[in-house]
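Visitor: Need coordinates for the following:
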Amino acid sequence: MKVVVTIATLDPEHGGPARTVPALCRALVRHGADVEMVTIAEHRRDPTSFETAGFKATVIETGATRYQPRSWAASFKDALSRAVCETRDVVLYDVGLWLPSNHLAAQIAGQTQTRFVISPRGMLSAQALQFGKWKKRLAWIAYQKFDLKRARVLHATSENEAKDFRQRGLTQPIAIVGSGVDIPAQLPNRVTSNKRTLLFLSRLHPMKGLKDLVCAWAQVRPPRWRVMVSGPDEAGHRSEVESLIASLNLQSDFEFVGSVDDEKKWKLLREADLFVLPSYSESFGLAIAEALAAEVPVITTRATPWRELESQRCGWWIDTGVDALTKTLALAAQSNKDDLRAMGTRGR
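Guide: Have a look, this model is predicted:
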């Protein structure tokens, strides 16, 4: 069987799929599939640094962005048509929604009668639909609803996401399969410090609840603790957060380290005493899984699919908002290191 995978961008600043989708391709190869990926290199950025172990990657280079298909649509359609027509036993697996590349993938699937799977990756949640909601409403009417109904199967990364599909009126079969997590063969050694660290590692986006974290921290401010913030800035949200930090006179408590590579990411996780992601919507939450793999207790919200944090006693699964986060931060910061290490071991 051949699996053709389409994703608009592999720029790591656009979140978890940039890592999980190439990893999925490698895993499919290990399970005997013939795999080809078709993607776009925005502004001639080179996304080919990801490991293409055993699969072909067709990269459409463009001086434009993924939102400007005029300069790359023809090449994208040609590459995708060739990929799906090379053999009869093909599945086309498309990641994401709303973008021109997603619509083109649906068109090619229809024209070639190719079995079609869509993986929205959280883009149908109520919270996600609020961002650019008028454009999305128009796109839903114009093409997105029809494209989704063309899929034979929808891939959800959690039960919550599957419920989102049904609430949007989608009736076809759903495969609920969580994202895989690549874990280093050996984790970095822990580093001891006089200060304890609460780590936030995710895109800096309003949906991630970073402002809630700042407001909650202002009420708690446990002694000998600091907050480390790592992740790419999206649409200037970092400056909004930094302004809030300054208005609350918390500059000495927060450190921003920007985007990090895998080596630095695992080092940050191993230096952390707690991990926090107070998100308002997650279809999976790759960073949560990575924190657990690094033996770090996790604080996250019920808007993420991680109820096991409670049942396995490896973290806190709380309501969204400042109040619940404030109470939980106060409780977690008072925990001694041995208790937190035991939680981290259970999380791993």
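Visitor: after the biggest strand by length in the chain, next one along is what?
Guide: Counting residues, the longest strand in the chain under DSSP state E turns out to be strand 34-41. Note on strand 34-41: by DSSP states H and E, the next helix or strand toward the C-terminus is strand 56-61.
Visitor: where's that following strand relative to the chain centroid, distance-wise?
Guide: Between the centre of strand 56-61 and the centre of its chain there are 22 Å (CA atoms, centre = their mean, to the nearest Å).
Visitor: Give me the mean pLDDT for it.
Guide: Averaged over strand 56-61, pLDDT sits at 86.
Visitor: Would you map the strands across the stretch 1-150 of the chain?
Guide: 2-6, 34-41, 56-61, 90-95, 115-119 (DSSP state E, counting those that start in this stretch).
Visitor: roughly how far apart are residue 331 and residue 299?
Guide: To residue 299, residue 331 is 10 Å away according to CB to CB, to the nearest Å. For every residue, glycine as well, the C-beta is placed using N, CA and C.
Visitor: Where does the prediction get shaky in the chain?
Guide: 43-52 (pLDDT under 70).
Visitor: List the buried residues of stretch 16-31.
Guide: Going by neighbour count (16 or more other CB atoms under 10 Å), the buried part of stretch 16-31 is 16-26, 28-29.
Visitor: hmm, back to that, what about dumping the CA coordinates of the longest strand of the chain to CSV?
Guide: Taking C-alpha atoms only, strand 34-41 is exported to CSV below (Å, rounded to 0.1, in the frame of the first residue of the first chain):
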residue,chain,number,x,y,z
ASP,A,34,5.4,3.0,0.6
VAL,A,35,5.2,6.7,1.8
GLU,A,36,5.5,10.0,-0.1
MET,A,37,5.0,13.4,1.5
VAL,A,38,4.0,16.6,-0.4
THR,A,39,4.6,19.9,1.3
ILE,A,40,5.4,23.6,0.7
ALA,A,41,8.6,25.5,1.5
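Visitor: Mind listing residues that contact it?
Guide: Contact with strand 34-41 is made by 1-10, 21-22, 25, 28-29, 47-48, 52, 54-62, 66, 72, 76, 79-80, 83, 87, 101, as judged by CB atoms under 8 Å, 6 or more residues apart in numbering.
Visitor: what lines up beside it in the sheet?
Guide: Paired strands of strand 34-41, with direction, are strand 2-6 (parallel), strand 56-61 (parallel) (DSSP bridges).
Visitor: How far does the first one sit from its chain's centre?
Guide: Strand 2-6 has its C-alpha centroid displaced from the chain centroid by 20 Å (CA atoms, centre = their mean).
Visitor: Report the inter-axis angle for it versus strand 90-95.
Guide: Interaxial angle of strand 2-6 relative to strand 90-95 (axes from the mean of the first three to the mean of the last three CA atoms, to 10 degrees): 20 degrees.
Visitor: Nothing else from me, thank you.
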